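Participant: okay, sequence plus prediction incoming.
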Amino acid sequence: MSETIFTKIINKSIPADILYEDDEALAFSDINPQAPVHFLVIPKKPIATLNDLHSDDKALIGHLYWVASHLAKQMGFAAQGYRAVMNCNEDGGQTVYHIHLHILAGKAMGWPPYQAQLKTL
């Protein structure tokens, strides 16, 4: 996998507003927020898309969701609710090919997302 902007954030070669870090994962604020709270949780292991996951990645993916839950509680929006989503490939909206979990909160989320977006136009 080629180096991405996320690899550079992991390596600290470009700055980011880091919210959480451990040996397996990193969470940081999204530079183009789509909600009042919008951050990303990424694995430090480079995995391009969800389609590239292997059975030995199951615990890592669970850990990403644990980090999201931990931060939601710590930041005070867990009880109100939030959206946790991963995009996969171009039609899924993925723009950086290093898997990442979007956490969006601070407002009510519509469903389905496409129809909710049309209502705001």
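Facilitator: Everything's here; your move.

Participant: tell me, how many residues neighbour residue 28?
Facilitator: 20 (other Cβ atoms under 10 Å). Heads up, the C-betas are built off the backbone N, CA and C, glycines and all.

Participant: should've said residue 15
Facilitator: For residue 15, using other Cβ under 10 Å, the count is 9.

Participant: now swap in residue 63 and tell me
Facilitator: Residue 63: 17 surrounding residues under other Cβ under 10 Å.

Participant: do the same with residue 104
Facilitator: 19.

Participant: let's number from 48 now, not from 1
Facilitator: Okay, residue one is now 48; in that scheme the one you just asked about reads as residue 151.

Participant: max-length strand in the protein?
Facilitator: As assigned by DSSP state E, the longest strand anywhere in the chain is strand 84-90.

Participant: give the other helices and strands that it contacts.
Facilitator: Using 3 or more Cβ pairs under 8 Å, 6 or more residues apart in numbering; DSSP states H and E as the contact test, the elements touching strand 84-90 are helix 52-57, strand 72-76, helix 105-122, strand 148-152.
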